[in-house]
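Student: Sequence first, then the predicted structure, then my questions.
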Number of protein chains: 2
Amino acid sequence: MYTRKEKNTSGEKKERTELSELGEFGLIDHLAKNIIPKHAGTVKGIGDDAAVIDTGKNLLLLSTDLLLEGVHFDLTYMPLKHLGYKAAVVNISDIAAMNGIPKQMTVSIAVSNRFSLEAIEELYRGIRMACDKYNIDLVGGDTSSSVSGLLISVTITGEVAREEIVYRNGAKEGDLLCVTGDLGGAYAGLLILEREKQVYKANPEMQPELTGYDYVLARQLKPEARTDLRNLFKKIGVLPTSMIDISDGLASDTLHLCHQSKTGCRIYEEKIPMDEETKRLALEFNIIPTICALSGGEDYELLFTIKQTDYDKIRNVPEITVIGHITTSGDGQNLITPDGQTVKLTAQGWDAFNKK
Amino acid sequence: MYTRKEKNTSGEKKERTELSELGEFGLIDHLAKNIIPKHAGTVKGIGDDAAVIDTGKNLLLLSTDLLLEGVHFDLTYMPLKHLGYKAAVVNISDIAAMNGIPKQMTVSIAVSNRFSLEAIEELYRGIRMACDKYNIDLVGGDTSSSVSGLLISVTITGEVAREEIVYRNGAKEGDLLCVTGDLGGAYAGLLILEREKQVYKANPEMQPELTGYDYVLARQLKPEARTDLRNLFKKIGVLPTSMIDISDGLASDTLHLCHQSKTGCRIYEEKIPMDEETKRLALEFNIIPTICALSGGEDYELLFTIKQTDYDKIRNVPEITVIGHITTSGDGQNLITPDGQTVKLTAQGWDAFNKK
């Protein structure tokens, strides 16, 4: 890691390492170093979609996410109700990624005086709508003023039986790598919204051109969490060997899964499921469509691995696509292009510390 | 509630209610209205120090707090390590207020590029120091960039046996109102720090005058949570009928407790325990000493009620002071001054939305 020596006021040299040199995940890893659980009930700490706590009967899942205006969302095109809904869904997705059932949620918000009560009610309407849809109790939180803008901190609990929990770290060589739904849509939706924002800025008289983009806009503005997979897995009799939700992009989240499982992988680019609208839009923006899936993020689909012997159980399930398989860690994490080239997977996903 | 009609751009009238008209607790009450728990495991939602979840064997406590630079803390006089420690303690105190044992913690932070890795490490050093002292596992969190300053969101879990939990709402007429330790010190410490900040601003060559204020500065900069009371209660065979931690000031937190218990109370001003240093400093600042206790906040002592029949068990415990008793709700919440006057208790405590 690169650190700079700089002189402080008393003339002595002091080290200063910029956070951007580590990136978000580097920082989490760095801060989590040498943390050894003290309680027997602490089954899993930092490093998965949720922390896991043994409460005696079942396992309790705990996850938290922070959303900041100007960093994670832009209120020029994100309606407050949608923002509330999305803030909840992002957390629910973390519970789905552990194969758990979401249960309780706390929501803390800080708002500047730019916001009225009616605006905050609108935000909460979205949160409560998500809580109703996903059968979650809103049990607490904190409200505060902020110096600038809006921030939302959501914490969620979930429950899962000991024998049903799925971690990021269980993938084994030969396992099949699968995803739910289709990818890249949320990013394509963001491209449209950003374009219309620029148009509006240049000429506020212009009406936004949003018709014909329904699917990708919904993917960006009103994502859903794949809590349905849990029941589907039960029905078809499959328990994934590992799982993560796709929040940072397929590339970044695959790397997380392989890193935790200490494996490599091969993803076949042509297998990555994408909606036609997403593909069309990517091309309109001169972007290779699969880049939206690999690096876009925010799709909140699930990425998981299953044993090869379970292939017959999922092959005819329309919600699941096999995109590759797990290899040994020595093979690295690779993407196989349609013309047969092997490209190293890199996390070009969204990184909080490098975002402009 | 007062709402203003204002015209929006399309000329139609729209209501806009300022958040400052409700205040922090008004806003929480308003947003929490009509929330009905869906899960049998959700024992207690919004309205206490922590949410309570039935996990089958014991009860799980869940609480969350948000701390923002410029609103809750000032880095000109708050060292980052102390801030981390305090951020943890504030949450631990919520678990102590339910008579629970703190267990796991998640910490999310957002930082601007003003902060170096070394600064964040210093913050985490304080958090981990508190986790070590109070025997808590740090199990997760989120890191992000922020547009302005530092913000910390902490979520804590705790555990408590069904028969040992103490809520805010159990106080009954005739119960004795008690506090731990002494009050007002944290506020007196803040007064000193604010004064020295002004001196420094006027003349950066001046050295801060902080000697002789050790106790109150420690109360402000390194508060502790009263997790020791749980064992003390067990030892002396007392289970409080209600409890809350004093974070907003004795007046405000007494009102919360009475509001939840649907009772009135009488607090005898001369009984309020205060340290000599706190009293001396209050007078130096021309403030009636008990105002520091009533309205200062951040002492993180416990306010609780016990049955009158338990009086003999606590009368010789130096850590506990009886300051009054519970009356019927019709009597209101009152302070009895040393000359026998009855004054209505009002929450002049810290309110996030009215703070400058």
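Tutor: Here it is on my side, so go on.
Student: Check the gap between the most centrally placed residue in chain A and A:D299 for me.
Tutor: Geometric centre of chain A, nearest residue: A:S247, 1.8 Å, by CA atoms, centre = their mean. As judged by CB to CB, to the nearest Å, A:S247 and A:D299 stand 8 Å apart. Just so you know, the C-beta spots here come from the backbone N, C-alpha and C atoms, and that holds for glycine as well.
Student: got it, and A:C265?
Tutor: A:C265 sits at a distance of 18 Å from A:D299 (criterion: CB to CB).
Student: Same drill for the two, tell me which one is more crowded.
Tutor: A:D299 (31 against 27; other CB atoms under 10 Å in any protein chain shown).
Student: sorry, back to before: contacting residues around the residue nearest to the centre of chain A?
Tutor: When contacts are counted by CB atoms under 8 Å, 6 or more residues apart in numbering or on different chains, A:S247 touches A:V90, A:S93, A:D253, A:G297, A:E298, A:D299, A:Y300.
Student: Try it again at 6 Å.
Tutor: A:S247 sits next to A:G297 when contact means CB atoms under 6 Å, 6 or more residues apart in numbering or on different chains.
Student: can you confirm it is in a strand?
Tutor: No. Counting by DSSP: H, G, I helix; E, B strand; the rest coil, A:S247 is located in no strand; its state is coil.
Student: how close does it sit to A:L302?
Tutor: Taking CB to CB as the measure, A:S247 falls 11 Å from A:L302.
Student: likewise A:I326?
Tutor: A:I326 is 16 Å from A:L302, by CB to CB.
Student: and if you look at A:V166?
Tutor: In terms of CB to CB, A:V166 sits 10 Å off from A:L302.
Student: And for A:G212?
Tutor: 28 Å.
Student: who's more crowded, these two?
Tutor: Neighbour count, other CB under 10 Å: between A:G212 and A:L302, A:L302 has more, with 30 against 12.
Student: pLDDT score for that one?
Tutor: pLDDT, A:L302: 98.
Student: List the contacts of it.
Tutor: So A:L302 contacts A:T180, A:R226, A:L229, A:M243, A:D245 (CB under 6 Å, 6+ apart).
Student: Also A:L193?
Tutor: Counted by CB under 6 Å, 6+ apart, A:L193 has contacts A:Y77.
Student: 10 Å instead?
Tutor: Neighbouring residues of A:L193 by CB atoms under 10 Å, 6 or more residues apart in numbering or on different chains: A:D74, A:T76, A:Y77, A:M78, A:P208, A:L210, A:Y213, A:V216, A:L217, A:Q220, A:L221.
Student: and after the strand or helix carrying it, which helix or strand comes next?
Tutor: According to DSSP states H and E, A:L193 maps onto helix A:185-202. Next helix or strand after helix A:185-202 toward the C-terminus (DSSP H and E): helix A:214-221.
Student: Quick one: mean pLDDT for the helix or strand that that next one is followed by?
Tutor: The helix or strand immediately downstream of helix A:214-221 is helix A:228-236, counting by DSSP H and E. Mean per-residue pLDDT for helix A:228-236: 98.
Student: With stretch A:93-110 instead?
Tutor: Mean predicted confidence for stretch A:93-110 is 96.
Student: Could you list the alpha-carbon positions for it in PDB?
Tutor: This file holds the C-alpha atoms of stretch A:93-110, laid out as PDB (Å, rounded to 0.1, in the frame of the first residue of the first chain):
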ATOM      1  CA  SER A  93     -31.600  -8.800  -0.700                       C
ATOM      2  CA  ASP A  94     -28.700  -9.400   1.700                       C
ATOM      3  CA  ILE A  95     -31.000 -11.700   3.700                       C
ATOM      4  CA  ALA A  96     -32.100 -13.500   0.500                       C
ATOM      5  CA  ALA A  97     -28.400 -14.000  -0.300                       C
ATOM      6  CA  MET A  98     -28.000 -16.100   2.900                       C
ATOM      7  CA  ASN A  99     -31.100 -18.100   2.000                       C
ATOM      8  CA  GLY A 100     -32.900 -16.500   5.000                       C
ATOM      9  CA  ILE A 101     -36.300 -15.100   5.700                       C
ATOM     10  CA  PRO A 102     -36.300 -11.300   6.400                       C
ATOM     11  CA  LYS A 103     -37.900 -10.400   9.700                       C
ATOM     12  CA  GLN A 104     -37.300  -7.000  11.300                       C
ATOM     13  CA  MET A 105     -35.900  -3.700  10.100                       C
ATOM     14  CA  THR A 106     -34.700  -0.500  11.600                       C
ATOM     15  CA  VAL A 107     -34.400   2.700   9.600                       C
ATOM     16  CA  SER A 108     -32.400   5.700  10.700                       C
ATOM     17  CA  ILE A 109     -32.500   8.900   8.600                       C
ATOM     18  CA  ALA A 110     -30.700  12.200   8.800                       C
END
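Student: quick one: is that stretch near chain B?
Tutor: Yes. Shown here: stretch A:93-110 in contact with chain B (CB under 10 Å from any CB of the partner chain) through A:D94, A:I101, A:P102, A:K103, A:Q104, A:M105, A:T106, A:V107, A:S108, A:I109, A:A110.
Student: list the contacts for the nearest residue to A:L67 once chain neighbours are set aside?
Tutor: Leaving aside its sequence neighbours, A:L67 sits nearest to A:I152 (CB to CB, 6 or more residues apart in numbering or on different chains; 4.5 Å). Residues in contact with A:I152 (CB under 10 Å, 6+ apart) are A:65-69, A:72-73, A:83-84, A:86-88, A:90, A:107-111, A:123, A:127, A:141, B:66, B:153.
Student: Direction included, what does the strand or helix carrying A:I152 pair against?
Tutor: In the assignment (DSSP H and E), A:I152 maps to strand A:151-160. Next to strand A:151-160 in the sheet, as set by DSSP bridges, lie strand A:59-68 (antiparallel), strand A:101-111 (antiparallel).
Student: Kindly calculate the angle that the last one makes with helix A:228-236.
Tutor: Right, the one you point to is strand A:101-111. Orientation of strand A:101-111 against helix A:228-236 (axes from the mean of the first three to the mean of the last three CA atoms, to 10 degrees) gives an angle of 170 degrees.
Student: Can you name the element that comes right after strand A:101-111?
Tutor: Sequence order places helix A:117-133 as the next helix or strand after strand A:101-111, per DSSP H and E.
Student: anything in that next one near chain B?
Tutor: Yes. Applying CB under 10 Å from any CB, one finds helix A:117-133 in contact with chain B at A:L117, A:E118, A:A119, A:I120, A:E121, A:L123, A:Y124, A:I127, A:R128, A:C131, A:D132.
Student: which other helices and strands contact whichever helix or strand comes after that helix?
Tutor: Downstream of helix A:117-133, the next assigned helix or strand under DSSP H and E is strand A:137-145. When contacts are defined as 3 or more CB pairs under 10 Å, 6 or more residues apart in numbering or on different chains; DSSP states H and E, strand A:137-145 packs onto strand A:101-111, helix A:117-133, strand A:151-160, helix B:23-32, strand B:42-44, strand B:51-54, strand B:59-68, strand B:151-160.
Student: please redo it, this time with the cut-off set to 8 Å
Tutor: In terms of contacts (3 or more CB pairs under 8 Å, 6 or more residues apart in numbering or on different chains; DSSP states H and E), strand A:137-145 is packed against strand A:101-111, helix A:117-133, helix B:23-32, strand B:42-44, strand B:51-54, strand B:59-68.
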